[in-house]
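> Model the structure of this input:
(chains A and B)
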Amino acid sequence: MSDLLIWPIVTPLAAALLALVWPSRATSIGIVAAGLTLLSTLRVAWQVSRDGVLELALGGWSPGLGIALRADGLSAILLAMSGLVSMAVAVYASVYFAGSAQRAGFWTLWLLLLTALHALFLSGDLFNVYVTLELMGLAAVGLAALGGGREALQAALRYLILGLLGSLAFLAGVAVVYAGFGSLDMATLAGVAAPVPAAWVALTLMTGGLIIKAALFPLHIWLPAAHANAPAPVSAMLSALVVKAALYLVVRLWLEIFDGVVTSAAAWVIGVPGGIAVVWGSWAALRAARLKLLAAFSTVAQLGYLFLFIALAAGLPAGEPRAAVMTALVLMAISHGFAKSAFFLGAGIVMQRAGHDRIAELGGTARALPLTTFTLALAGVALVGLPPSGGFLAKWQLLTTAIASGQWIWLPVVGLGTLLAAAYLFRLLGHAFAPGEGVGPRLAVGREEIPALALALTATLLLGLGAAGLWELIPVSAYAGRGL
Amino acid sequence: MTLSFWLPLAILLSSLIPGVLIFLLAEERHRTRTALNLLGAVTKLILVGVLIWGVFHEQVFETRWALAPGLDFVLQADALSVLFVSLSTLLWLVTTVYAIGYLENSPHRSRFFGFFSLCVTATVGLALAGNLFTFVLFYELLTLATYPLIAHKGSAEALRGARIYLGYTLVGGLLLMIGAVWLHSLIGPVDFVQGGMLAGHGQLDPGVLRWIFLLLILGLGVKAALVPLHGWLPQAMVAPAPVSALLHAVAVVKAGAFGIVRVVYDVYGVEFAAGLGVLDLLAAVAAATIVYGSFKALSQDHLKKRLAYSTVSQVSYIVLGTAILGPLATIGGLVHLVHQGVMKITLFFAAGNYAESLGIHRISEMDGVGRRMPRTTLAFTIGALGMIGIPPVAGFISKWYLGLGALQAGVGAWVVPVLVASSLLNAAYFLPILYRAWFKRPAGSWPAERPHAAGGELPGALLWPPLATAALSLLAGLFAASPFSPLEWAQLIAAREYRP
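Residues are numbered from 1 along each chain as shown, chains lettered A, B, ... in the order given. So this is what the prediction gives:
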């Protein structure tokens, strides 16, 4: 039955090759592949929620020798989010790149990115994780450079160099793990990892590499330019999914595999930059002159929240409260994934209509693009963490944990971050509702407006009112060392 | 899944669904929009009627589902929620009729009525919220739904007023949320229970509980316009008249006052709160707000601004009644929740009519308006007399019970002078308006007179709502002792809150 784990990886890979040899049909191939991949991810999620952890040893070799694929609650949820977001992005991109010279290149790279992402979520072995991380990074850089232009190329180059540095550090960490524990299978490691120097060195190296890729303050410097200058469908993928992959690995390492190694003092090492990122990112978003830059800085802030969650969870002993925090973390992560992809797609629609995305000149947007303005507002509500949204529930849990564990310092941080986020959202809406002609006349609702709205509705209504099932799914873990 | 599960949800959906449909409606489809608006309002009224009957017979209504472990979305109906839900439902119907008339021929009506319906949905959600978490959820939603209504005109002034409103209420919402989360982390889910639920948790640190109380009241006090958190309310008067009417009578300030009632009675428990000593401070703030609001109202020439400061003052009667221990004061506070709403909405409807038909915005322009617009001015007069507290208008009943309650609680020595002073001030800022309107000669021409159908002073949609609410404020006073009057219902709540 576990064969179904290969489909989320194989489907986009085969489609990427097909798009490469048959570029004239790239769009159709991409859309069909996105649909099939979505079905396969949902299938995995459904199976995990029914049967628990799924495992597949490719080629029949036992884990440790062959390639092991595993799906548990965490990977199933992220996989399903990736399936849904990429389906919406595919529909949008089919309009965005219609008639563009970059079309074939986009679809090939995009499908490769999807392959790498899904392989990363499903890998059960640290070396394979490294390979997928590298592949994902390269595909992402290629996509980020797609827009052409000096700024985009410069940003992509910086993204490439820092990304390589990150993977290199990760690889060094993997080597130390192998030297210290004689295995790279993550489930095996979860059983044997002990607080010895090798574990500390390995964890430091791997985490160092990952926080570059996950853009934790102050290593976020590459993100705003890379995400803001890429084409809108690419920005959506980068902000919603690619940074989440690195974050996913930090969660796996800190809260599961090396659970016994992480001390509560170490938690502050990522908690403090996380807190600074919340305030600094929101502040920078408020000051941003361009819509996509605003969205990119908002991602920096949201990643800050996620690292705060990790720090808080790492400070708790294993048990139910910790599983609750971890679930809230995942809820925040996918809520941001849906909301930010909706936001970037909405920004792309505005940008294509207006020819620019300078916030101060967006008067008339609400009149010309009512549905997209609504999408931006809805996605913004989830990003600020106002109800009803997954962000609101997650923030409630974050505050509860901060208070219950006596870490009062995070209260003003979260409070300030929320108010700044509300300020940047309403600043944008104020300009959008102001009179103006820059966005052109009102037209009928376009096909490209629907996927963004669907994503925004998922982040707000679906995750805000119907996410209770996550709390049962997350404790289904393949790697919990001391047991969640 | 029975009636008891679906009814609270249906009451919520009866305005949410029309709201969403209206958003999707093309701007020109006026008839469909009007039909949707009225259909929703009437449906809600009927559903609330069923609810009242059930609650009166102590039937339990509850819609509950889990959003996360320990976080349930709960809608339920007890006697207190029924008081607020019937007020908002009744006044929503009236205000909808008024708004349809008021916005005739103005742009962006789909947007306006969409948010209008969302605003009422959030208010009804607040009324029916069965725990603190659900309350916070709707409290924030109310902020989001009201902001576009205040900004509706799109002028620089409107945007500024809306921005100030947003600043105040978002900070307030955040403080409320932190207080709620703190309490939640101490005792788990905070359900609203008659008599409060904290007394059952004897081991809690009273100092911490005082801090939490402070946070909750600060958060709620922003919307209830307690001094010094009231700064947004006079600025928000740039909103169109139906929005002001809703804001001052039903939606925003009432949400704050209602929340304070909930926290004192159904979270802390009034006796427990008195034991903590937090009620004295609350009573003092309320008294200060009552006097300060009246003083500020005195010096305003702008009619809506005078009414706004009057709201600042009047809403704190509810808070004062809540903060004084004893059933009589409770009755006075609760009944004023309804009475103030009915009277103040009348005043704002009338103010909107003056502006709409004659361009009158300032009190100094109102000379002789009573002869030009007798019916509107009659409604205004009844509302104003009620605010002063002259029998038999409803406001008298509130003040009478508040005074009795203060004497019963042994704080009459300072509360009664506050009530007397405030009533004198009310008279001082309302009676001159009435004198100008009825007895002074018109100045010659009106600021901006608009031609209307010959014979009548205004279209019926603008005229009947103030007359209806004026009649309601008279009836609520005259028939205060009959079953299902606001007073009777407040007595029922008080009896249940103080039930041993």
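> Tell me how far whichever residue of the stretch 201-350 of chain A sits closest to chain B lies from residue A:404.
Of all residues in the stretch 201-350 of chain A, residue A:324 sits closest to chain B, at 6.3 Å by CB to the nearest CB. Placement of C-beta: from N, CA and C, glycine included. Here the criterion is CB to CB, to the nearest Å. By it, residue A:324 lies 11 Å from residue A:404.
> Looking at the two now, which is surrounded by more residues?
Neighbours per residue, other CB atoms under 10 Å in any protein chain shown: of residue A:324 and residue A:404, the larger number sits with residue A:324, 21 against 17.
> just checking, that one touches residue A:470?
No. With contact defined as CB atoms under 8 Å, residue A:324 does not reach residue A:470; the gap is 10.3 Å.
> How far off centre is the helix or strand harbouring residue B:45?
Assigned by DSSP states H and E, residue B:45 falls within helix B:30-56. What separates the centre of helix B:30-56 from the centre of its chain is 19 Å, taken as CA atoms, centre = their mean, to the nearest Å.
> pull the CA atoms of the very next helix or strand once past that helix into CSV?
Next along the chain after helix B:30-56, taking DSSP H and E as the criterion, comes strand B:61-68. Below are the C-alpha coordinates for strand B:61-68, written out as CSV (Å, rounded to 0.1, in the frame of the first residue of the first chain):
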residue,chain,number,x,y,z
PHE,B,61,-29.6,26.5,23.1
GLU,B,62,-26.0,25.7,22.2
THR,B,63,-24.0,25.5,19.0
ARG,B,64,-20.5,24.2,19.7
TRP,B,65,-17.6,22.8,17.7
ALA,B,66,-14.0,22.4,18.5
LEU,B,67,-11.4,24.6,16.6
ALA,B,68,-8.5,23.2,18.6
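> Assumed the residue of the stretch 201-350 of chain A closest to chain B was part of a helix.
Yes. Per DSSP: H, G, I helix; E, B strand; the rest coil, residue A:324 lies within a helix segment.
> Residue 214 - how many residues pack around it?
If you meant another chain, say so; for now it's chain A. Count around residue A:214 with other CB under 10 Å applied: 25.
> not what I meant, chain B
Count around residue B:214 with other CB under 10 Å applied: 16.
> quick one: the strand or helix carrying it near chain A?
Residue B:214 belongs to helix B:206-224 when assigned by DSSP H and E. No. Using CB under 8 Å from any CB of the partner chain, helix B:206-224 never reaches chain A; the gap is at least 10.3 Å.
> Of all the residues in that helix, which ones are buried?
Going by neighbour count (16 or more other CB atoms under 10 Å in any protein chain shown), the buried part of helix B:206-224 is B:209, B:212-224.
> if we can go back for a sec, and the helix holding residue B:45, what's buried?
Within helix B:30-56, the residues scored as buried using 16+ other CB under 10 Å are B:30, B:33-34, B:36-37, B:40-41, B:43-45, B:47-48, B:51-52, B:54-55.
> Kindly provide the distance from residue A:267 to residue B:126.
Distance, residue A:267 to residue B:126, using CB to CB: 38 Å.
> hmm, back to that, touching chain A at all, the helix holding residue B:45?
No. Residues of helix B:30-56 contacting chain A under CB under 8 Å from any CB: none, with a closest distance of 15.5 Å.
> element containing the residue of the stretch 251-400 of chain B found nearest chain A?
Closest residue of the stretch 251-400 of chain B to chain A, CB to the nearest CB: residue B:255 (14.4 Å). Assigned by DSSP H and E, residue B:255 belongs to helix B:252-261.
> how about residue B:285, what does it touch?
B:221, B:226-227, B:316, B:319 (CB atoms under 8 Å, 6 or more residues apart in numbering or on different chains).
> Just the element for it, please.
Assigned by DSSP H and E, residue B:285 falls within helix B:278-298.
> so where is the stretch 1-150 of chain B shaky, pLDDT-wise?
Scanning the stretch 1-150 of chain B for pLDDT under 70 picks out B:1.
> Just give me the neighbour total for the residue of it found nearest chain A.
In the stretch 1-150 of chain B, the residue that lies nearest chain A is residue B:137 (4.2 Å; CB to the nearest CB). Residues near residue B:137, counting by other CB under 10 Å, number 27.
> Helix, strand, or coil at the closest residue to it other than its chain neighbours?
In this structure, residue B:137 finds its nearest non-sequential neighbour in residue A:387, 4.2 Å apart by CB to CB, 6 or more residues apart in numbering or on different chains. Classification of residue A:387 using three-state DSSP returns coil.
> Can you name the residues of chain B sitting close to chain A?
Contact residues (CB under 8 Å from any CB) of chain B with chain A: B:23, B:65-69, B:71, B:73, B:133, B:136-138, B:140-141, B:144, B:147-148, B:151, B:154, B:159, B:163, B:166, B:170-171, B:174, B:177-178, B:181-182, B:184-185.
> Just those: which are in helices?
B:23, B:133, B:136-138, B:140-141, B:144, B:147-148, B:159, B:163, B:166, B:170-171, B:174, B:177-178, B:181-182, B:184-185 (DSSP state H).
> Any of those buried? List them.
For these, buried by 16+ other CB under 10 Å: B:23, B:133, B:136-138, B:140-141, B:144, B:147-148, B:159, B:163, B:166, B:170-171, B:174, B:177-178, B:181-182, B:184.
> Identify the residues contacting residue B:252.
By CB under 8 Å, 6+ apart, residue B:252 lies in contact with B:142, B:146, B:169, B:223.
> Now with 7 Å, please.
Residues near residue B:252 by CB atoms under 7 Å, 6 or more residues apart in numbering or on different chains: B:142, B:146, B:223.
> Also residue A:464?
Counting by CB under 7 Å, 6+ apart, residue A:464 touches A:387-390, A:392-393.
> could those be laid out in TSV, adding neighbour count, pLDDT and distance to residue B:264?
Formatted as TSV, those follow (neighbours: other CB atoms under 10 Å in any protein chain shown; pLDDT from 0 to 100; distance: CB to CB, whole Å):
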residue	neighbour count	pLDDT	distance to residue B:264
A:387	27	90	24
A:388	22	89	27
A:389	30	93	30
A:390	33	93	32
A:392	26	95	26
A:393	28	94	27
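> ok, so of the residues you listed, who is nearest chain B?
residue A:387 (4.2 Å).
> Apart from its chain neighbours, what residue comes closest to residue B:19?
Excluding the flanking residues, the one nearest residue B:19 by CB to CB, 6+ apart is residue B:117, at 3.0 Å.
> and the gap between the one you found and residue A:389?
Between residue B:117 and residue A:389 the computed distance is 20 Å (CB to CB).
> cool, residue A:377 as well?
On the measure of CB to CB, residue A:377 and residue A:389 end up 12 Å apart.
> swap in residue B:280?
Note on residue B:280: its distance to residue A:389, by CB to CB, is 39 Å.
> interface residues of chain A facing chain B?
A:324, A:381, A:386-388, A:393, A:396, A:399-400, A:403-404, A:411, A:415, A:418-419, A:422, A:426, A:430, A:433, A:435, A:465, A:467-468, A:471 (CB under 7 Å from any CB of the partner chain).
> one more time with 8 Å, if that's ok
Near chain B, when you scan chain A using CB under 8 Å from any CB, you find A:324, A:327-328, A:331, A:374, A:381, A:386-388, A:392-393, A:396-397, A:399-400, A:403-404, A:411, A:415, A:418-419, A:422, A:426, A:430, A:433-435, A:464-465, A:467-468, A:471.
> And stretch B:67-78, what's buried?
By neighbour count on 16+ other CB under 10 Å, the buried set for stretch B:67-78 is B:67-68, B:71-78.
> so who does residue A:270 touch?
By CB under 8 Å, 6+ apart, the contact list for residue A:270 reads A:207, A:211, A:216, A:250, A:254, A:307, A:310-311.
> Where does it fall, secondary structure wise?
Short version, using DSSP H and E: residue A:270 is in helix A:264-287.
> Equivalent analysis for residue A:467, please.
Judged by DSSP H and E, residue A:467 forms part of no helix or strand.
> Pick out whichever of residue A:267 and residue B:126 has more residues nearby.
The residue with more neighbours, out of residue A:267 and residue B:126, is residue B:126; 28 against 22, by other CB under 10 Å.
> Looks like the more buried one contacts residue B:258 (just checking).
Yes. If you go by CB under 8 Å, residue B:126 and residue B:258 touch, sitting 6.5 Å apart.
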